[in-house]
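# here is a sequence together with a model predicted from it:
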Amino acid sequence: MDGLEKLADTKNYEIESTEAMLLFKSVLSEMIPIFQKTDIKWNMLDENDDYYTLCETLFKMIVVSKFETIAERKNIEFKQFANYGFHHKTMKDLNFIQVISYDHPNAILSFNYIISKNKPIDVLVCNMLDKQGKVIDNNVEVNIDKVTYNFNFR
């Protein structure tokens, strides 16, 4: 059965993924003082659609576009990227940022969105996948400081 077994066999994009995700986090963190001055609710995802839309847009601009550019340069067909904050049923045919978590060492995790719990921009919400790419849990919270990232073209 086709699934995510390709993840172990394809070129590793750990450096590019990490750079993109750290830049994404950094941009969001730098904007917090602006949000606070303007009373924008930046730490409550469900209460502010504008903040969510901004995060989604920045994710596309910073992370997704990086891999679109890599694919174009290397003549790799770029399949659809998993949507930011969307609860997909499967990731089998989607490009995604894989999160490697020290707290979930044997899990296959795909990045979904960022939240703030104990401090600004400190938790990644991830999808846990089975080996075929089916989402078996879409609310796995992972400490952003205890992860590495990877990306594999599908």
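Yep, it's here.
# only C-alpha atoms from now on, for both contacts and neighbour counts.
Will do.
# could I get the helix or strand hosting D137 in CSV with only the CA atoms?
Secondary structure assigned from DSSP states H and E places D137 in strand 135-143. Output of strand 135-143 as CSV, limited to C-alpha atoms (Å, rounded to 0.1, in the frame of the first residue of the first chain):
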residue,chain,number,x,y,z
VAL,A,135,-4.3,11.6,10.0
ILE,A,136,-4.9,9.7,13.3
ASP,A,137,-4.8,12.8,15.6
ASN,A,138,-4.9,16.4,14.4
ASN,A,139,-4.3,18.1,17.7
VAL,A,140,-0.8,17.0,18.9
GLU,A,141,0.8,19.9,20.7
VAL,A,142,4.6,20.0,20.6
ASN,A,143,7.0,22.4,22.3
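# the next helix or strand after it pairs with which strands, parallel or anti?
Counting by DSSP H and E, the next helix or strand C-terminal to strand 135-143 is strand 147-151. Applying DSSP bridges, strand 147-151 is found paired with strand 97-101 (antiparallel).
# what does the lengthiest helix in the chain contact?
Criterion DSSP state H: the longest helix present in the chain is helix 14-37. Helix 14-37 is contacted from outside by 41-42, 55, 58-59, 62-63, 66, 97, 120-121, 148-151, using C-alpha atoms under 8 Å, 6 or more residues apart in numbering.
# centre-most residue in the chain?
Among the residues of the chain, the one closest to the centroid is F111, at 3.2 Å (C-alpha atoms, centre = their mean).
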